[in-house]
Structure formats: structure tokens, C-alpha cells
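S.K.: The following comprises the amino acid sequence and a computationally predicted model.
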Amino acid sequence: MLFGSGRFCQPNRFKHTQLIDLQHITVSYPGRSAAVKDLSLRIDKGELLAIVGESGSGKTSTLKVINRLIEPASGSVLIDGIDSTSLDQVELRRSIGYVFQEIGLFPHLTIEENIGLVPTLLNWPRERIKARVNELLGLVGLNESDIGERYPAQLSGGQQQRVGLARALAARPNLLLMDEPLGALDPLTRETLQTELVSIHLQLGLTTVMVTHDIVEAVLMADRIGVMRDGVLLSVGSASELLNQVEDDYVRSLMSKPKEQADRIEDILGKAGKDRN
Amino acid sequence: MGGAAFNEQLSLLPNYLAHHLLLTIVALGLGIVFCLPLAIVVTRVKKLQWPVLTVASVLQTIPGIALLALMVPLLSTIGFLPALAALFLYSLLPILRNTVTGILGIDSSLRQAAIGLGMTDRQLLTRVELPLALPVVVAGIRTSAVWVVGTATLSTPVGATSLGNYIFSGLQTQNMAAVLIGCIAAALLAIVLDQFIRMIEKAVSSRKRGRSIVISSAMLLLVLVGISPLFAGNDNSTQSKIVIGSKPFTEQYILAELIAEELEQAGYSTDIRPSMGSTILYDAIKMSEVDVYVDYSGTLWANIMKRDDIIPRDRMLDTLAAWLAENDSITCLGALGFENTYALACRQSLAESLGLKSIDDLAKVSGHLKIGSDYEFFSRPEWAALVAAYNLHFAEQLTFDPTLMYAAIRENKVDVISAYSTDGRIVDYNLAVLADPRQALPPYDAVLLLSRRAAANSRLKDALGKLVGAISDEAMREANKVVDVDGGSVKKAAQRLRDELPGNK
């Protein structure tokens, strides 16, 4: 009920106010060819957009450009119509939730302190932070009573990822950036979290940009998918749009992968079922 | 080693330990205060990393004793300051390197996360980098603390009191109790400091504020108790003390004690700086940092005046006194009367049976004899001069530690040794000193030197004038024997020498 192909049938649910507008973004690192080449992309308020691509395709760089962890060599980023370079860098980052690929929980801080980090930086009163942390622990499904006082090393990978999400959401951002948020998890935890991420995205009315290399994950979770290769954004659209209306061979073969895999799995399981009979 | 002698050594501990602790704590404190900000700057300005760490490494490769000695001419003073400066420089590398490594070693994804969540550079440093680097930084401080405690024992030769006073004088006078007390005290101090720093780190990183404060206070209290002897009984500090220097060997310790007793009787308060380096001592008297000490004419002649000719004894003394006064404003009050030179000695029985009285006699039979010496004699100009003047050819030349050299001649392992003419063991081991009629060996008259400050004080000059010409070779040898052979204290030997003074008989 929380996600599913059904959502792709009702794109007009969103107000379609553009929140982020990336205009002709080029990112280059010294001594290498450009990581992102002339990328333009509009992200609408309330949508969950997945950027898919192989490693080195420029998807993470694109994500980092949004909260100015990387400054583009050329092009501009408009946030609610305002050029992001005119905003205070630190304040901009505090207003955007970010879930890191490596999770990046601070090992010397407790779970509570990790989650309450951005509110602390924003000088929220202590009680308000405490209340917010408890609320978030519930939201991300960490209900063990003493978990707030534990340290990251005492948690499982899945729990750590939940804490990473709670930390990103702590200061009530409208925009959530997630870099391979489920990369290192086992399949069961991964699936549960996929469901929960979409649920939280909807519940909080967030605008979410998620980077993933897993096309199945993108299809299952996202409203729209952007496909990147060698720094170029090949196309953007809903899964069915990409599958049916795009000419690019790479995009089409990528988009057909989930179906092919599902068919093969069905074959194998069907055969196994027959064998058993 | 009797209990009384041990207790006498132990009574020196509070004072030595206090000086040692003060030096260590101040040097380490300055090291931390200087290194932490520098290391942080280095982690942010990558270009500085190589030059800063290289300079610190080079400082570390200078042997501790050389670095200490270098500080004396650089700062134009002796004692606490040059020792502090050298120990400070010595403390830098571990703190600097560990802080830089600790900060740069933090997982880059954490740094990225901190920035991505909206930390300022300052917040990144104080909330993430420093807390995470803390164990590595503290490991550097602990290494540094142990090094500084150890190296501080070498500050004795630059005139700073430390636990090294035990070790330097103990080794020279074969007082193993003193050496042991010095080593054990230094080791315990290092362990205690190290453990305190470790406990503070543990309390801080487990964020137990109460415990951190308790442990830090306990450490502070202990340090204050440790250095308290420095502030006790210093009421007469208004009257400046007469500083007496000594080189690191028995005879010098005895003479310094003798001079101190004479001056105290004349109403002065004194401060003995034992075991100082030879050239440091000369520089110190030149700067009036040391007021009085005993040197040897031959040493000054060769090392300070850079002369390699040998002239008769009295002319050498006159030339020397004039040169010192003119060039360095040092007053040579006069010769004490005895000479401490290299001398060839053999067993009395051998001298009698072969009829050996002089080195001329020895030269005739040297082809059948073995000679033993200390580490340096065979490479010194005196040995070359002897060989040339008397045409000596020994059957065998053996090198020993000085103590073992005497044992070797007593046990007939060698026939002749290069003894020190005032060594008490010459008497004890029944050795005959052979005359040097060709004067191949330069004279080493003990001379009493006064700084410009001390020489301006005529009452002080009168008090010390009593010692000029008053100590014979024989008397000095007997006094040295009290310490080196009989295991008596330096005080006892000085007392004995004092009893023999012409005015006191």
C-alpha cells in the first residue's frame, strides 16, 4: 500500500511546483574528464526522483552539487527559484537532509547525539531536541528503549542506516538527498527499508532525490528515474516512459533488466516447482 | 654500600625530583600548547606539512646531550633555561606528528558527513576531528612525556639540577646506590606521568566530566607537592648564591664540595652545579653564570687556547693566567698545588725488580711489556708525544674501561697503565708512577678559576686564596681514594682534604 506501480498511474497528484532546477551543470575534477557534463534537471516538489547509473557515471556528483558539497565548474542550481550560490552554504546544508552512502555516523557520539546533530548545530533547546529525537526514533522504527544511549558500533547495519535517515530528517528538511542509502544491506532489510523510505517520504511530504545503481530499487521506489552514463543525463521519466518511449539503447536495455530478471527468476522457480511435483 | 650512605643519597631526592619534575612539566606543557595549534594549521594548509614535520624530525635526530649543550651558547646562560629550551624542542615531534596523523587519519566519509550536515570548519574541528583524533594525540603526548622525563636526566651537564645528578656523579664515583635511585626515580616519574595522562584521556573520551576533573586535580596536586621543595627554605634568596661548578669526575666533586665549605665558613651561601660538561663550564664562568671551578692547565692550554706546544710548568701557568684575563675576563687565582695528568704507572714490585724509575728506564724494556689504557689515551696527542720522546714500543696495547684498567694491572694482565696521577687507586693498588724527565706529557696543574663577578669580591678571593698551593698530589690522591676505593662519601673526602689544609692543621 505504501508504494507500487499504482503510484506511477497518478502523476498529477503533485502540485508540480519546481523545487530544484539544475541548469547546465558541469562538474570537473583536476586531471580527469568532466564527472558531470552539461546536466539540466528539474525536480518537482513532493516527488521521489532516483538517479541511476554505474559507478563513475556522475550520479553522486550531481547529488553533491545540490547541497554544494561540490561546486560546479559551470551551470547553476536554483532552489525554489533562488540561485544556491547566493545562499549561505552552511545554512543551506543544514536545511537539506542528507543520507550518506557510508552512513557516516560519528562513532564518538551516541545515537541520540547523532540524530540530534543538526538541531544542535541550529541551537535548538535541549528539550526540543530530545523530543524530536524520540519522535524520529519511532518514525524510523528504532523502538528499543535504550537505543538512544548506545554508540553506532553497537548497532546492526540496518539499524545504523535507520539512524542515518533519522539524522537527515532531524531538522525537518523539505528536501532529502540519499546517496545509495541501502547499498550495504542484506536483501531482507533492504526490502523493508525500501518500503519504509517511501512511506516516510510520503508521510512527511518530502522531495527526495536518491542515487542508486540498482535499477530494480529505482523502479520500485521512484516516481521518476534519471539515467546517467559517463556524466551525461541520458533521459528522465517514469519507469514506463523510459521503457516504452525512449530511443536510447542503453536506457532501454537498463530499463528492461528488472522485467528480464523477474522472468528468469519465475522460470527457475517454476521449473523447481515442477521438479518437486 | 652502607645504609647511612644510602640514606644520604636518598635525602637529595626531594630536591632533584622537584627540579626534574618542574623541567619536565614546563617543557611538556609548552610542547602541547605550541604543537596542537601548529598541527591543526598543518592539517589545513597541506603545504606546511612536510617542512614542519621535517624540522621536528631533524630536531629529534640531534642527540639529547648535544641539543642541551647547544642551547648554552645560543641562550648565553646555563641551568634551567637552556635545559627547558632543549627539552621543549625534544617534546615537539611526537605531539606534532600524532596530532597531524590523528586528524588526517579520520575516515574521510566522516569529514564529508560533517560538512554535508552543515558543520562549519570550526565545528568540524572541535566536534569531530579533535574528539576522534584524541587517542592518537594523547598517545603522542605520552610518548613525549616519557622522552622528556628520560632526556631531562641529561640536563645535569648544562648546570640544571635533575635526577641526572644522581646518575652522572653515581657512575663517576661508582656509587651504584645513587645511580639506582636516579634511574628508578626517573622511571617511576615517567610511569606515573604516563598513567595520569592515560587516565585523563580515558575520562575525557568517555565524557565523564567529574572524573576528568578529579584526575586532573590529583595530577596537578601531585605536581605541586613534587615541586614544593623548590619553594621551601628559600628565604635567603635575596643574597645571591656563589655558584660552584664541577666536571663529571670524583676529584671535581670533592673540590667543589671543599670550595663550598670554605665559602660557607666565610659566610656565603653556595650552589654546586655538579657534572657539567667541560666546555659548558668554561662558557658558564666566562658569562659569570658559574663563579668558581677548578680546571687543569693542560686542558685549557690545548682546548681553549688551542696551543699544541709544551712549555715548562710555571711559564705555562703565567701565560695561561694572562691569556684568560685578557681574552675572557676570567681570573686564575692560582694553582692548587697538585697536578692531575696522565702518568705511566707499573706495579711497585715490577719497578723494583727491573729498576724502573723513569719512562727512560721503561723504554729500554718496553718491548717485553704490555700496556693498558682507557678509551682515549692512545688516540690523544700525549701518547704520540710520549712515543716520540722516549721511543716506546710495547709488546701489546690494550684498551679498557678506566675501572677495569686498574683491575687489569692488579691482576697482572698488563704491566704498565696510563694512570691519572691523582687517582686514589695508585696508592691502593701499590703502583709506582714513572717520572717524565723529558717533559713529554704536558703539565695538568689544577687551577682555581674565578668569574669576573666573583673576582670583584675581595673577601671571596681571600677565602679561596687559602686553597692556592695548599693541596699536594698526595693529599688529592688520598681524598680520591676515600671515594673511589673506600666507598666513602664526597663530603667525607672533602672534609679530609680540609683537615690537611695548612691553616687547619
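M.R.: Perfect, I can see it now. Residues are numbered from 1 along each chain as shown, chains lettered A, B, ... in the order given.
S.K.: interface residues of the stretch 1-150 of chain A facing chain B?
M.R.: A:64, A:67, A:69, A:90-95, A:98, A:100-102, A:104-108, A:117-118, A:121 (C-beta under 8 Å from any C-beta of the partner chain). To be clear about C-beta, it is placed using only N, CA and C from the backbone, and glycine gets the same treatment.
S.K.: Can you flag the buried ones in those?
M.R.: A:64, A:67, A:69, A:90, A:92-95, A:98, A:100-102, A:104-106, A:108, A:117-118, A:121 (16 or more other C-beta atoms under 10 Å in any protein chain shown).
S.K.: picking that back up, of the residues of the stretch 1-150 of chain A next to chain B, which belong to strands?
M.R.: A:Tyr98 (DSSP state E).
S.K.: Next, the contact list for the closest residue to B:Gln123 other than its chain neighbours, please.
M.R.: Leaving aside its sequence neighbours, B:Gln123 sits nearest to A:Leu121 (C-beta to C-beta, 6 or more residues apart in numbering or on different chains; 6.6 Å). Contacts of A:Leu121 were listed using C-beta atoms under 8 Å, 6 or more residues apart in numbering or on different chains, and they are A:Arg94, B:Leu117, B:Gly118, B:Met119, B:Gln123.
S.K.: same deal with B:Ile25?
M.R.: B:Val223, B:Ile227.
S.K.: same thing but 10 Å
M.R.: B:Ala145, B:Val148, B:Val149, B:Leu193, B:Met219, B:Leu220, B:Val223, B:Gly226, B:Ile227 (C-beta atoms under 10 Å, 6 or more residues apart in numbering or on different chains).
S.K.: B:Ser206 too?
M.R.: Contacts of B:Ser206 by C-beta under 10 Å, 6+ apart are A:His108, B:Ser212.
S.K.: where does A:Val227 land in three-state SS?
M.R.: strand (DSSP: H, G, I helix; E, B strand; the rest coil).
S.K.: my bad, B:Gly267
M.R.: Classified using three-state DSSP, B:Gly267 is coil.
S.K.: May I have the phi/psi pair for it?
M.R.: Main-chain torsions, B:Gly267, degrees, to the nearest 10: phi 100, psi 10.
S.K.: Leaving out the residues flanking it, which one is nearest to B:Gly79?
M.R.: B:Gly159 (4.6 Å).
S.K.: Listing request: residues of the chain with sub-threshold pLDDT.
M.R.: If you meant another chain, say so; for now it's chain A. Flagging of chain A using pLDDT under 70 yields the residue ranges A:1-18, A:272-277.
S.K.: That was the other one, I meant chain B.
M.R.: Within chain B, the segments meeting pLDDT under 70 span B:1-3, B:233-239, B:503-505.
S.K.: interface residues of it facing chain A?
M.R.: Within chain B, the positions near chain A by C-beta under 10 Å from any C-beta of the partner chain are B:106-121, B:123, B:127-128, B:130-132, B:134, B:205-207.
S.K.: among these, which are in helices?
M.R.: B:108-116, B:121, B:123, B:130-132, B:134, B:205 (DSSP state H).
S.K.: Next, count neighbours for residue 197.
M.R.: Picking chain A for this. Neighbour count for A:Leu197, taken as other C-beta atoms under 10 Å in any protein chain shown: 27.
S.K.: You answered for a different chain; I wanted chain B.
M.R.: Using other C-beta under 10 Å, B:Ile197 has 20 other residues around it.
S.K.: That one reaches B:Ile141, doesn't it?
M.R.: Yes. B:Ile197 is within contact range of B:Ile141, at 5.9 Å (criterion: C-beta atoms under 10 Å).
S.K.: Quick check, central residue of the chain?
M.R.: Since no chain was named, I'll use chain A. A:Met210 (2.2 Å; C-alpha atoms, centre = their mean).
S.K.: Can you look at chain B instead?
M.R.: B:Pro157 (2.7 Å).
S.K.: all strands of the stretch 401-505 of chain B, in order?
M.R.: Ranges of strands in the stretch 401-505 of chain B, per DSSP state E, counting those that start in this stretch, are B:416-420, B:431-433, B:445-450.
S.K.: quick one, helices of the stretch 51-200 of chain A?
M.R.: In the stretch 51-200 of chain A, the segments counted as helices under DSSP state H, counting those that start in this stretch are A:59-66, A:89-94, A:111-115, A:117-121, A:126-139, A:157-169, A:187-203.
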